[in-house]
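S.K.: how would this look folded up:
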Amino acid sequence: HRLIVTATDKRRTMEESPRFGRNPAIDRFHDGDEGTAVYTNPLGVEVMTSVKHIPVAGWYVAAVLPISEAFSSIHNMQKRMLLVTILMTLFVGGAMWWILRRELLPLVVTANALEELSANEERLQPLPVSGDDEIGRLIRCFNRLLEALGRREEALHVTKNQYQELFDDIPVGYHEYDSEGRITRVNKTELNMLGYAESEFVGVHAWNFVQDSERSRERILNKLAGVATPGNSFELCYRRKDGTTVPAIVQDKLRCDAHGKITGYRSIVMYIIERKQAEEALWVSEERYRKTFQNSMDSICINRLSDGVYLEVNQSFLKIFGFERNEVIGRSTRDLAIWANPDDREQLLDILRRESNCTNFEVELKTKNDDSVWGLMSAAVMDLRAEPCVISITRDITDIRANRKGLERYKLHLEQLVEQRTADLQSAHKQLRDTQFAMDGVGIGIEWIDRQTGRLLYANKAAAKMIGYEVDELLEMSIPDIDPNFPPEMFSKRSEL
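M.R.: Next up is the predicted model:
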């Protein structure tokens, strides 16, 4: 019948239990279950109920206790435990804070020291070590790291100084310019070469220092815009501060950011004043050589030593031997049959192989028309494009040789005449000596006198003895010196008559 037979709460005696289905716990007890359950009774109070069945009567006994009463001691204990927990937490937290603060104080000091070190640019100093614990070992390791960093920083500083010295003292100019063409960096070599101070150079457009500034501006802007590709090297003429110009070869290097955008260029500038002067001197020398080579009256040619092929000839060669230039270049002496006697060629080559030069080698050569030409050849071995060659100079002595033969005939004739004349003179001299001996032997004085000056040309010993002089003394005198009655004017008047 689901009735409460009796209860400690008299109000509930003979009270009907809730209908089936409203309270599952009560329904379970009515079905015969025993045990304890917590549920809300019809009065709306949460209770804990323990049930025991009485099989004989078909009843069950239920002990009901409100939850608030059943767990009041537990709630009180929970409150006390919470309070103790809070107090212990505060105590332990304070103790831990104090301990951690004490233990971590070296780290705080280290952090403050690091902050001070990072605030200035002085060299990093070792941090103070407070003990031999983990923190002390950590600080010592950090100090070793600082020492290693210091060594690296010093090495980096030395390297930086060396790089700066190399950058400034390298014998070529260097500058960088940004995406607008303004110079951002320059070395001392370029400044010294152009005569500018760094403040006058940095920040100025690069084309302002080039002689043809408009063309240079167009080229730089096209490269910065990506329209023109940078050349490996090109020649420019820079303008110094004093207005003079200096030639240079420039090599550009593109500068881009991480996204491939052009940010500027770096340029290496090699000044070529000496090279230009050398090129000009070389050109003058080559021009002088060319004129000398082509305008020489002697035949000049250059042949390979190995096969005698002609590499170069001058106009006199073509004129003497009657060839055209295209008939000679690339052909050998054998092809042109220049040598009248091939043995002469072999003799010349032997001399050149032994001594590398030969002078005044007289040789007979042949022209295009097979006419003989006698030449006086001088040759020397030289390297031309790393290949042994022979340069030879040949003077045409055909006429000289013909004249020399005529002169030899004349010489032979003159020698014969001289021999004949010498014989005649020797005969006359013998007769003269005989006559002089006869004149000296007579007892009379004999004198020969120059009718124009009165000077004695000859006097024998008898004449000298008569006057009282030696023959040599007498021949140094004239008639006026011996006899004043014959003045010099007398002889000059006689010579006029």
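S.K.: hang on, Met466 packs against Gly445?
M.R.: Yes - look at Met466 against Gly445 with Cβ atoms under 8 Å: they come within range, at 5.0 Å. All C-beta spots, glycine's among them, are computed from the backbone N, C-alpha and C.
S.K.: residue contacts, Ser296?
M.R.: 314, 316, 393 (Cβ atoms under 8 Å, 6 or more residues apart in numbering).
S.K.: next: Asp242.
M.R.: Gly195.
S.K.: where does Ile391 fall, secondary structure wise?
M.R.: Counting by DSSP states H and E, the element that carries Ile391 is strand 387-396.
S.K.: and if you look at Tyr39?
M.R.: Going by DSSP H and E, Tyr39 is part of strand 35-40.
S.K.: so which bits of that strand are buried?
M.R.: 37, 39 (16 or more other Cβ atoms under 10 Å).
S.K.: mind listing the strands whichever helix or strand comes after that strand pairs with, and their directions?
M.R.: Downstream of strand 35-40, the next assigned helix or strand under DSSP H and E is strand 46-54. Strand pairing for strand 46-54, determined by DSSP bridges: strand 35-40 (antiparallel), strand 59-66 (antiparallel).
S.K.: gap between the shortest one and the chain center?
M.R.: It stands for strand 35-40. 101 Å (Cα atoms, centre = their mean, to the nearest Å).
S.K.: run through who's touching it.
M.R.: Applying Cβ under 8 Å, 6+ apart, the set of residues contacting strand 35-40 from outside is 23-26, 28-29, 46-51, 67.
S.K.: among those, name the buried ones.
M.R.: Applying 16+ other Cβ under 10 Å to those, the neighbour count classes 23, 25-26, 29, 47-49, 51 as buried.
S.K.: tell me the one of those nearest Asn460?
M.R.: Met48 (199.3 Å; Cβ to Cβ).
S.K.: what's the burial count for Lys461?
M.R.: 17 (other Cβ atoms under 10 Å).
S.K.: surely it is in contact with Val471?
M.R.: Yes - using Cβ under 8 Å, Lys461 is in contact with Val471, at 6.1 Å.
S.K.: give me the longest helix you can find in the chain.
M.R.: helix 72-119 (DSSP state H).
S.K.: ok now that helix, how far from the chain's centre?
M.R.: Centre-to-centre, helix 72-119 and its host chain are 69 Å apart (Cα atoms, centre = their mean).
S.K.: how near is Asn379 to Arg354?
M.R.: No, residue 379 isn't Asn; it's Ala. 13 Å (Cβ to Cβ, to the nearest Å).
S.K.: please say which of these two ends up with more neighbours.
M.R.: Between Ala379 and Arg354, counted using other Cβ under 10 Å, Ala379 has the larger neighbour count: 21 against 9.
S.K.: report all helices and strands that the strand or helix carrying that one contacts.
M.R.: Taking DSSP H and E as the criterion, Ala379 maps to strand 372-384. In terms of contacts (3 or more Cβ pairs under 8 Å, 6 or more residues apart in numbering; DSSP states H and E), strand 372-384 is packed against helix 342-355, strand 357-366, strand 387-396, helix 398-441.
S.K.: quickly name whichever of the buried ones among the contacts of strand 35-40 is closest to Leu83.
M.R.: Met48 (26.5 Å).
S.K.: quick one, grab the pLDDT at the closest one.
M.R.: Met48 is assigned 82 on the pLDDT scale.
S.K.: quick one on the thing from earlier: need the residues that contact the strand holding Ile391.
M.R.: Residues from elsewhere that reach strand 387-396 (Cβ under 8 Å, 6+ apart): 296, 298-306, 311, 317, 320, 352, 365, 373-383.
S.K.: shaky segments in the stretch 51-200 of the chain?
M.R.: For the stretch 51-200 of the chain, applying pLDDT under 70 flags the ranges 114, 117-128, 130-131, 135.
S.K.: now with 50, please.
M.R.: For the stretch 51-200 of the chain, applying pLDDT under 50 flags no range at all.
S.K.: packed most tightly, which of the helices and strands packed on strand 372-384 would that be?
M.R.: Mean neighbour count, computed with mean count of other Cβ atoms under 10 Å, is highest for strand 387-396 among the helices and strands packed on strand 372-384, reaching a mean of 18.
S.K.: partners of that one in the sheet?
M.R.: In the sheet, strand 387-396 lines up with strand 299-304 (antiparallel), strand 372-384 (antiparallel) (DSSP bridges).
S.K.: tell me the contacts of Val129?
M.R.: Contacts of Val129 (Cβ under 8 Å, 6+ apart): 136, 139-140, 143.
S.K.: likewise for Val363?
M.R.: Per Cβ under 8 Å, 6+ apart, neighbours of Val363: 339-341, 344, 348, 374-375, 377.
S.K.: redo that, cut-off 7 Å
M.R.: 344, 375, 377 (Cβ atoms under 7 Å, 6 or more residues apart in numbering).
S.K.: mind listing the residues bridging to it?
M.R.: Under the criterion used (DSSP bridges), Val363 bridges to Gly375.
S.K.: Arg185 is in contact with Tyr177, isn't it?
M.R.: No - the criterion here is Cβ atoms under 7 Å, and Arg185 misses it with Tyr177 at 8.6 Å.
S.K.: more neighbours: which of these two?
M.R.: When Arg185 and Tyr177 are compared for neighbours, Tyr177 comes out ahead with 24 against 15, by other Cβ under 10 Å.
S.K.: and that one, which of the three is it?
M.R.: Following DSSP: H, G, I helix; E, B strand; the rest coil, the label given to Tyr177 is strand.
S.K.: quick one: it from Arg255, how far?
M.R.: Distance check for Tyr177 against Arg255: by Cβ to Cβ, it reads 9 Å.
S.K.: now for those two: what residues contact both?
M.R.: 264-265.
S.K.: and the helices in the stretch 201-350 of the chain?
M.R.: 213-224, 273-295, 315-321, 325-328, 333-336, 342-355 (DSSP state H, counting those that start in this stretch).
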